[in-house]
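Visitor: Here is a sequence together with a model predicted from it:
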Amino acid sequence: MRLSAVVQSASLAWAAIVLVLLVVHVGAPQRSGVIALTQVFEPYLLLSALIAAAVGARLDRRIGRVVAAALVVVFVARCAPVALSNPGGPTANGMQGRVVTWNVASDTAFLGGLIGAVTTDDDSTLIVGIQELNKDSALEIVDDPDLTARFPGRVLVPEDGALGIGLLSKWPIVESQTYTDPPLIRAVIDDPDTDQGPIVAYVVHPLPARIRTVLRVPVSLDTTRRDEDIAWIRSLIDDDLAAGRPIVVVGDINTTEREPAYFELSRGLRDAHLDAGLGPGLTWRPPQLRLLPAGLLRIDYIFVSAPFSVLGTSVTCNGQSDHCRLEAEVRFAGYGVL
């Protein structure tokens, strides 16, 4: 068999394998293991399979076209809901403003980027969640008069490495709890100048799953500890939802929207980017590629409960961190004081 025929046969086989994997991803998503790792990188597997199907079609045009068509259908079904939405327009009802989340990767020079993100002419930023906040950066926040004036409500829990976390609020924080294993802030925020009622804001950072390697090649995913953290976070959220409290959850969740843990955490909440974002909303790339102007995976999120609605989202990748900054324009309809 000629080399070209071998390549075409292998390409067609790869496309078929990916198609079978996608059926497993949809019908029986895995929490850990080899298939769980393929779920994380599913969009890239799909793209590689589409290219392979095009190459393989030269060997058998009919089979190649059938496989390619099936892959296109799956690609649209899996990726379009994330990339396309129906953002709402501005409204006069309720309080409107921005929610921001950013994993700053312990960057001691992030403050300028943060101030640029939250400084607006209309002073509309309501909540800022920060992950991987170190002690030097926390001191910069405390000493910055502009941030102090804009965000009198604050909870800062700085730590070296990945365990630091912080919350800035335009409104007073009347109650808060903090944890470092996993990093979490729960804060009750209330605007004394309105009858909107209190909001519960969460900043969360379950630490990433373990990637097992063979000869430095990723072969499997172990999500046991991460998923335990997410289950515990969700138990706190459930208590607030059961009490009828409006909730905002922001943070680096370290899971993609194709994994079981994502569905467990987001149940009953609205994913801001799915509601009102345009484009894939990718927020992370490896530290070695932090200068890329876009992310490669979507693992940072803003979730809201009723009576919030989302009007739009944006992702900013400025090279200061391996994570991009995620922002959402939200409207809080209010309901009176709880």
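Guide: Happy to help now that I have it. Residues are numbered from 1 along each chain as shown.

Visitor: And the pLDDT at Ala117?
Guide: Listed pLDDT for Ala117 reads 67.

Visitor: same thing with the one 10 residues further on?
Guide: Per-residue confidence (pLDDT) for Ile127: 93.

Visitor: Can you verify it is assigned to a strand?
Guide: Yes: Ile127 sits within a strand when classified using DSSP: H, G, I helix; E, B strand; the rest coil.

Visitor: Specify the beta-bridge partners of it.
Guide: Beta-bridge partners recorded for Ile127 (DSSP bridges): Val99, Ser169.

Visitor: wait, it sits on Val249?
Guide: No: judged on C-beta atoms under 8 Å, Ile127 makes no contact with Val249 at a distance of 10.6 Å. For every residue, glycine as well, the C-beta is placed using N, CA and C.

Visitor: Now the common contact residues for these two.
Guide: Common contacts of Ile127 and Val249, defined by C-beta atoms under 8 Å, 6 or more residues apart in numbering, comprise Ala201.

Visitor: How about residues contacting stretch 234-244?
Guide: Stretch 234-244 is contacted from outside by 184, 186, 200, 202, 247, 249, 264-265, 267-269, 305, 338, using C-beta under 8 Å, 6+ apart.

Visitor: Of those, which belong to helices?
Guide: Glu264, Leu265 (DSSP state H).

Visitor: and the contacts of stretch 234-244, which are buried?
Guide: For the contacts of stretch 234-244, a burial check counting by 16 or more other C-beta atoms under 10 Å picks out Leu184, Arg186, Val200, Tyr202, Ile247, Val249, Leu265, Leu269, Ser305.

Visitor: tell me the least confident of the contacts of stretch 234-244?
Guide: Ranking the contacts of stretch 234-244 by pLDDT, Leu338 lands last with 30.

Visitor: Next, Trp171: secondary structure please.
Guide: With three-state DSSP as the basis, Trp171 sits in coil.

Visitor: got a list of what Ser176 touches?
Guide: By C-beta under 8 Å, 6+ apart, the residues touching Ser176 are Val155, Leu167, Ile185, Arg186, Ala187, Val188.

Visitor: quick one: which of these has the most company?
Guide: In terms of neighbours by other C-beta atoms under 10 Å, these top out with Leu167 at 26 neighbours.

Visitor: on contacts alone, who are the packing partners of the host helix or strand of that residue?
Guide: Here Leu167, judged by DSSP states H and E, is contained in strand 165-169. Packing partners of strand 165-169 (3 or more C-beta pairs under 8 Å, 6 or more residues apart in numbering; DSSP states H and E): strand 125-131, helix 135-143, strand 153-157, strand 173-180, strand 183-189, strand 199-204.

Visitor: Okay, Val76 and Ile237: tell me how far apart.
Guide: 32 Å (C-beta to C-beta, to the nearest Å).

Visitor: same question but for Tyr262, I mixed them up
Guide: Taking C-beta to C-beta as the criterion, Tyr262 is separated from Ile237 by 14 Å.

Visitor: Which one's more surrounded, the two?
Guide: Ile237 (23 against 19).

Visitor: Which element, helix or strand, includes that one?
Guide: Ile237 belongs to helix 224-242 when assigned by DSSP H and E.

Visitor: Mind pulling up the pLDDT for the residue lying closest to Ala83 once chain neighbours are set aside?
Guide: Excluding the flanking residues, the one nearest Ala83 by C-beta to C-beta, 6 or more residues apart in numbering is Pro280, at 5.2 Å. According to the prediction, Pro280 has pLDDT 91.

Visitor: and Pro280, what is it in contact with?
Guide: Taking C-beta under 8 Å, 6+ apart as the test, what Pro280 contacts is Pro43, Cys79, Val82, Ala83, Arg298.

Visitor: Of these, keep whichever come out buried.
Guide: Neighbour counting by 16+ other C-beta under 10 Å classes Pro43, Val82, Arg298 among these as buried.

Visitor: pLDDT check: weakest of those?
Guide: In terms of pLDDT, Val82 ranks lowest among the buried ones among the contacts of Pro280, with 83.

Visitor: you'd agree that one is in a helix?
Guide: Yes: assignment of Val82 by three-state DSSP places it within a helix.

Visitor: Ile173 bridge partners, please.
Guide: With DSSP bridges as the criterion, Ile173 is bridged to Ile189.

Visitor: Tally up the residues packed near it, please.
Guide: Neighbour count of Ile173, defined by other C-beta under 10 Å: 19.

Visitor: Look up how far Arg216 lies from it.
Guide: Going from Ile173 to Arg216 by C-beta to C-beta gives 45 Å.

Visitor: contacting residues around the closest residue to Glu159 other than its chain neighbours?
Guide: Sequence neighbours aside, Thr180 is the residue nearest to Glu159 in space, at 6.4 Å (criterion: C-beta to C-beta, 6+ apart). Contact partners of Thr180, counting by C-beta under 8 Å, 6+ apart, are Val157, Glu159, Leu163, Ile165.
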